[in-house]
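1. With the input below, show me the fold.
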Amino acid sequence: MFKRMLKSSVIIMSLFLAVAAQPALAKDKFKICWSIYVGWMPWEYGDTNGIIDKWAKRYGIDIDVVQINDYIESINQYTAGGFDGCTMTNMDALTIPSASGIDTTALIVGDFSNGNDAVILKDKKKLKDIKGQTVNLVELSVSHYLLARGLESVGLSEKDIKVVNTSDADLVAAYTTKDVTAVTTWNPLVSEILAMPKSNKVFDSSQIPGEIIDTLMVNTKTLKENPNFGKALVGAWYEIMASMNKDAKVREHMGKASGTDLAGYESQLDSTKMFYKAKDAVKFVKSKDLVKTMEYVAKFSFDHGLLGEGAPDEKFIGIETPAGVFGNPKNVKLRFDPTYMEMAAKGKL
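-> Numbering: from 1, shown residues only. Below you'll find the predicted structure:
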């Protein structure tokens, strides 16, 4: 029995080595996933209106766009190899796929949260009133990061509160209960909760502008081997951005698809810094400010044990940007690469 198992193992290993020795082959079918958020609704619109299919066909490929209701689960599925790309924030990209060894590239930087992420208290009106309270949030996500930055701004720390991990799919329902008095979350959940009686926003992402960045992250190896994948996605994105920026009907569609209406969706856009033009996204990515932001993010992530058990400090994972690398240049696992957005800005897609 052991000899048969050993022989099988040798055969499997030989086959693996033979495949690994072959040059990388481009593929023609890809999958990306997204979850409901103001800055990611364009993917739903582009999918249902055929824009993504049009650009995929232009480059001779097929791109399947899948909605996943649980945000963290969508990133987990991407990390496990179920998808070639996924919508996520800069911090979650660092702490989930990159910390798991999956080299990941920010193909599209679509916006940054400028008030869409918020700390909300029931009955109380000042952030300092959060002391001693239990805060429901998606633990170790950007909500947790926002809360930590907010606490720091009023001389408090996480030792002064208690965090309860709650799925984004359950947060609104949880807030309606008597026991839940504080939450930290993102839109459209923020808007839903603030519409409830005695709800007060006491801190939001406009107080840390440019730090919570919304992106489409893709597998770096897949992108390198399949540049047409990147070209199709970026081309589709900026066609959607142009329509979204000028046509209220497009924004109304996105609002309805996210569970609100035109007015509700536009109120969320008011607290989002959208990069409708590729040149603006490129400028943001090339800024030295991005390096500083990722330093903040890496420090929070290390302090919360999110960079892996073997991480000696916040510089364990290299984060590559056009303005420089933060962290270990020999262990780069997260990249902000404006190459394809620059192509769009120059009309070369």
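2. which regions of the stretch 201-349 of the chain sit below the pLDDT cut-off?
-> Nowhere does the stretch 201-349 of the chain drop to pLDDT under 70.
3. Strands along that one, start to end?
-> According to DSSP state E, counting those that start in this stretch, the stretch 201-349 of the chain carries its strands in the segments 213-219, 272-274, 318-321, 324-326, 332-336.
4. Between the two ends of stretch 316-326, how far is it?
-> For stretch 316-326, the first-to-last residue distance is 9 Å (Cα to Cα, to the nearest Å).
5. quick one on the thing from earlier: could you identify which of the strands of the stretch 201-349 of the chain is most buried?
-> Ranked by mean neighbour count, those are led by strand 213-219 with a mean of 26 (mean count of other Cβ atoms under 10 Å). Backbone N, C-alpha and C define where each C-beta goes, glycine included.
6. how far is that strand from where the chain is centred?
-> Mean-position distance between strand 213-219 and its chain equals 6 Å (Cα atoms, centre = their mean, to the nearest Å).
7. List the strands paired with that strand, with their directions.
-> strand 85-89 (antiparallel), strand 104-113 (antiparallel) (DSSP bridges).
8. closest to Gly347 out of these?
-> strand 104-113 (16.9 Å; Cβ to Cβ).
9. Pick the most deeply packed of the strands paired with strand 213-219.
-> strand 85-89 (a mean of 29).
10. Remind me what the next helix or strand after it packs against, helices and strands.
-> Next along the chain after strand 85-89, taking DSSP states H and E as the criterion, comes helix 90-95. Using 3 or more Cβ pairs under 8 Å, 6 or more residues apart in numbering; DSSP states H and E as the contact test, the elements touching helix 90-95 are helix 71-79, strand 104-113, helix 142-153, strand 213-219, helix 288-303.
11. could those be laid out in TSV, adding distance to Thr321?
-> Formatted as TSV, those follow (distance: least, Cβ to Cβ, whole Å):
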stretch	distance to Thr321
helix 71-79	21
strand 104-113	9
helix 142-153	18
strand 213-219	11
helix 288-303	5
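12. what's the closest of these to Asp53?
-> So among those, strand 213-219 is nearest, using Cβ to Cβ, at 16.8 Å.
13. any idea how far the spatially most central residue of the chain is from Gly132?
-> Central residue of the chain (Cα atoms, centre = their mean): Met88, 1.3 Å from the mean position. Computed with Cβ to Cβ, to the nearest Å, the distance linking Met88 and Gly132 is 32 Å.
14. returning to that earlier point: mind putting the strands of the stretch 201-349 of the chain into TSV with distance to Glu44?
-> Listed next are the strands of the stretch 201-349 of the chain as TSV, based on distance: least, Cβ to Cβ, whole Å:
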stretch	distance to Glu44
strand 213-219	13
strand 272-274	16
strand 318-321	29
strand 324-326	33
strand 332-336	25
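15. Leu194 is nearest to which of those strands?
-> Nearest of those (Cβ to Cβ): strand 272-274, 15.7 Å.
16. which secondary structure elements does the closest one contact?
-> Partner elements for strand 272-274 (3+ Cβ pairs under 8 Å, 6+ apart): strand 104-113.
17. can I get the CA coordinates of the strand it packs on in CSV?
-> The C-alpha trace of strand 104-113 is given here as CSV (Å, rounded to 0.1, in the frame of the first residue of the first chain):
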residue,chain,number,x,y,z
THR,A,104,-1.8,41.2,-5.7
THR,A,105,-2.0,44.3,-7.9
ALA,A,106,-4.4,47.3,-7.7
LEU,A,107,-5.4,47.4,-11.3
ILE,A,108,-8.0,50.1,-10.8
VAL,A,109,-8.1,52.6,-8.0
GLY,A,110,-11.7,53.8,-8.3
ASP,A,111,-12.2,56.1,-5.4
PHE,A,112,-11.4,56.7,-1.8
SER,A,113,-13.9,56.9,1.0
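18. Over the helix or strand following that strand, what's the mean pLDDT, rounded is fine.
-> The helix or strand immediately downstream of strand 104-113 is strand 117-122, counting by DSSP H and E. Strand 117-122 comes out with an average pLDDT of 97.
19. can you check stretch 78-96 too?
-> On average, stretch 78-96 scores 97.
20. Including distance to Gly155, could the strands paired with strand 213-219 go into TSV?
-> As requested, the strands paired with strand 213-219 are exported to TSV (distance: least, Cβ to Cβ, whole Å):
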stretch	distance to Gly155
strand 85-89	26
strand 104-113	24
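21. Understood, closing this out.
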